[in-house]
Structures are given as structure tokens and as C-alpha cells.
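Colleague: Pasted the sequence and its predicted model underneath.
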Amino acid sequence: MSAEIQRADTDQPEQSRKELLERSPRRTNPALILVVIFTLVFAFIIAWQWYDTRNQIAGLQYELAKRLAEADASGKESRNLSTEANEAGRRAETKLSLLEAKLAESQSQQLALEALYQELTRNRNEVTLEEVEQLLLIANQQLQLASNVKAALIAMQEADARLQRIDRPQLSPLRKILAKDMDLLKAAPYVDTVGISLRLDNLAAAVNTLPLAMEFRPPEAGSSGGQAPATESKWLRLVREAWEDIKRLVRIQNMEKPDVALLSPSQAYFLRENLKLRLLSARHALLARDGASFKADLNAAVDWINRYYDSNSDAVVNILEALHQLQDSQIGIELPRISASLDAVRNYRLARDRENR
């Protein structure tokens with residue numbers, strides 16, 4: 001068949017060959033079928049993959065568009081936030097510049113205040129040290145001039161309290177010296193110089209009221225005539241009263257001390273003044289801590305009072321008792337000196353003045 005067809009193809013024209021081919025029965029090739037099936041399957045697979053890929057691409061495009069839209073919205077929001085952040089940043093920078101200016105101003109004010117505080121502190125410390133020196137000077141004067149341990153101790157305690165308010169470590173040695181001097185004063189025997197001085201002043205003031213021995217008068221005797229009778233005549237009563245007055249003109253008494261000195265008014269005046277001077281001299285000896293002179297003046301005062309004044313008078317008895325009590329007072333006690341504290345304060349002030357220069 002194939003040979004005939006080949007011959008027909010070669011001998012006959014093309015139209016006749018077609019006719020022959022159409023008339024001849026067709027035979028299917030299995031390999032061709034397999035190829036066609038494989039091609040169809042491959043084409044289906046390719047079509048399916050293309051469709052699936054297209055769907056995936058469409059989904060990706062949709063997702064991408066969605067993400068782009070979200071990114072665009074986020075970008076707009078980010079730009080808005082960025083704009084707001086820039087505005088906030090500019091406002092913050094403005095505020096920061098204002099704060100820096102205020103900080104610089106406050107720092108300058110702080111420096112000025114610190115300098116002023118240092119100046120005031122230095123001046124206050126200087127004033128406090130001057131006050132401490134004056135208090136120690138007063139305490140030293142109270143000891144040396146008045147021998148008043150209590151007043152000196154009070155002044156030193158006040159000086160220590162003012163040093164404590166300064167609260168500086170450099171003042172510790174000074175406070176130790178001050179505490180040592182205060183301990184010495186506390187250990188010293190106490191003599192009530194002020195009280196004794198006041199008692200001597202009161203005794204000197206009472207001298208003018210003391211009666212002299214020569215001024216003693218016996219008590220007046222009662223009238224010996226008794227009561228006049230009611231029927232007594234006026235003339236008899238007048239005579240009797242005149243007689244009573246005459247009897248009072250002359251008195252006879254036993255003086256117990258026949259050697260009582262009779263003093264003229266001027267001598268009595270100088271006696272009182274000398275007695276006052278003796279008491280004032282005893283007061284001066286008391287302040288000077290001169291025990292011998294103190295006792296000598298008191299003994300002289302007691303001797304004069306016993307000799308010239310009325311020992312039966314209550315005022316004389318009281319003043320003699322007071323003088324005997326004062327004679328037993330021990331005033332000749334050596335008081336400690338506090339010049340170490342005063343010298344320490346002065347040396348500290350001099351050292352500070354050198355440092356400040």
C-alpha cells in the first residue's frame with residue numbers, strides 16, 4: 001500500500017495523491033498516541049500550574065497591594081508622627097534653651113549666694129570669736145577683781161556654747177582648753193563673795209542706827225503718886241505734876257562699865273564713819289582675797305562695837321553675831337587662772353587673720 005502510494009505520489013499530481021490518501025484506510029500509531037497523551041497531560045499540567053501560578057500571583061498582587069496600602073497609610077501616619085515629633089523637638093529645643101539659660105542664671109546666682117554665704121559665715125564666725133573672747137575676758141575679770149567663781153563659770157559656759165554653735169573641727173583644741181579651765185573652776189572651793197560683800201554693805205549701812213553706850217538711858221519709873229483723887233483741887237494737882245517733872249530731871253543709875261567713853265557729837269560721828277570704813281576695808285580685802293586684812297578689819301570692828309556701843313541693844317547684838325559669822329569665813333583661797341583659754345582664743349583669731357590676708 002505504501003509503495004503504491006509512493007508511486008502514485010511520484011506519478012500523479014498532488015491532487016490525485018490527496019484523493020488516494022483519503023480513500024486509503026488510516027492506521028493509528030501507538031507511539032504517536034502515547035506522545036499525544038503525554039502531550040495532553042503535560043499541557044494539562046502546564047495549564048494547571050499556569051492557572052495555579054496565576055492565582056498565586058493574583059493573591060500575591062492582592063496581598064502586595066494590601067500591604068502597599070497599609071504601608072502607605074503607615075507612611076502617612078509616620079510622616080504625621082514625624083512632623084509632630086519635629087514640632088515637639090523644636091518646642092523641646094526651645095524649652096531646653098530656656099532651661100539652659102535659666103540654669104546658667106541659677107548657677108550664677110548660686111555662686112553669688114555661696115560667696116555671700118561664705119562672707120556672712122566668715123563674718124559671723126569672726127563676731128562669734130570676738131564674743132567668746134569678751135566672755136572669757138569678763139570671766140577673767142570676775143575671778144581677778146571680784147573672785148566670783150560662779151559668774152566666771154557662767155561666762156565660760158556661754159563661751160563654750162557659742163563655740164559649739166560654730167561646729168568647726170579646728171575649734172576642738174580650743175574647746176578642750178576651755179573645758180579644762182572650767183573643770184578647774186568647778187573643783188575650786190566655793191566662796192560666796194557676792195553674798196559676803198552684800199552683808200558687809202548692809203552692816204555698814206546699819207552703823208548709823210546703832211546706839212552708843214553713853215546714850216543708854218534707864219527705863220522711866222512710874223509715877224509714885226498714883227492716880228489723883230477725883231476730889232483733888234486743881235492747885236494740888238498742878239503742884240503734884242510739877243514735883244513729878246522735877247524728879248525726872250535728876251537720875252541715878254549703875255553703869256556696869258565705869259570706863260564707858262564719853263564722846264562728843266563730832267567724835268561720835270567720826271566713830272561711825274571709821275567703823276563704816278573698817279567694814280568697807282573688809283569688803284575690799286574680801287574682793288582681793290586678802291584673808292589677813294579681812295580678819296583684821298572685822299576684829300577691829302568687833303572691838304569698837306564692844307567698846308563704844310550699847311551691848312544690850314538688839315541691833316548691836318545682831319551686828320556682832322553677823323560679824324562673828326563673817327570672821328569664820330575662809331576667803332584666802334587661791335583661785336585657778338583661766339588665762340590659757342583667753343590666750344588660745346586670741347592666738348586662734350590671729351592665725352585666722354593671717355590666713356585671710
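Modeller: Great, that's in hand. Numbers count the residues shown, from 1 in each chain.
Colleague: Every contact and neighbour count from this point should use C-alpha atoms.
Modeller: OK.
Colleague: Can you list the residue ranges for helices in this structure?
Modeller: 2-11, 14-23, 30-141, 149-166, 172-187, 193-205, 234-248, 265-287, 291-308, 314-327, 339-356 (DSSP state H).
Colleague: what's the offset of the longest one from the middle of its chain?
Modeller: For helix 30-141, the gap between its own C-alpha mean and the chain's C-alpha mean amounts to 50 Å (C-alpha atoms, centre = their mean, to the nearest Å).
Colleague: What helices and strands are in contact with that helix?
Modeller: Under the contact criterion of 3 or more C-alpha pairs under 8 Å, 6 or more residues apart in numbering; DSSP states H and E, helix 30-141 touches helix 149-166, helix 339-356.
Colleague: Just the C-alphas of the first one, formatted as CSV.
Modeller: This points to helix 149-166. Extracted in CSV, the C-alpha atoms of helix 149-166 (Å, rounded to 0.1, in the frame of the first residue of the first chain):
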residue,chain,number,x,y,z
VAL,A,149,33.8,81.8,140.6
LYS,A,150,30.1,81.4,139.8
ALA,A,151,29.9,84.3,137.4
ALA,A,152,33.2,83.3,135.8
LEU,A,153,31.9,79.8,135.2
ILE,A,154,28.7,81.0,133.7
ALA,A,155,30.6,83.2,131.3
MET,A,156,32.9,80.4,130.3
GLN,A,157,29.9,78.0,129.7
GLU,A,158,28.3,80.6,127.5
ALA,A,159,31.6,80.9,125.5
ASP,A,160,31.7,77.2,125.1
ALA,A,161,28.1,77.1,123.9
ARG,A,162,28.9,79.7,121.2
LEU,A,163,31.9,77.8,120.1
GLN,A,164,29.7,74.7,119.8
ARG,A,165,27.3,76.5,117.5
ILE,A,166,30.1,77.2,115.1
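Colleague: about what we covered before: would you mind saying which of the helices of the chain lies nearest residue 213?
Modeller: Nearest of the helices of the chain to residue 213, taken as C-alpha to C-alpha: helix 291-308 at 5.6 Å.
Colleague: what's next to that closest one, contact-wise?
Modeller: Contacts to helix 291-308, defined as C-alpha atoms under 8 Å, 6 or more residues apart in numbering, come from residues 212-214, 260-261, 275, 278-279, 281-283, 285-286, 316, 320, 323, 326-327, 330-332.
Colleague: Point out where the stretch 251-357 of the chain drops to low pLDDT.
Modeller: Scanning the stretch 251-357 of the chain for pLDDT under 70 picks out 251-262, 332-334, 356-357.
Colleague: and with 80 instead?
Modeller: 251-265, 287-291, 311, 329-339, 349, 351-357 (pLDDT under 80).
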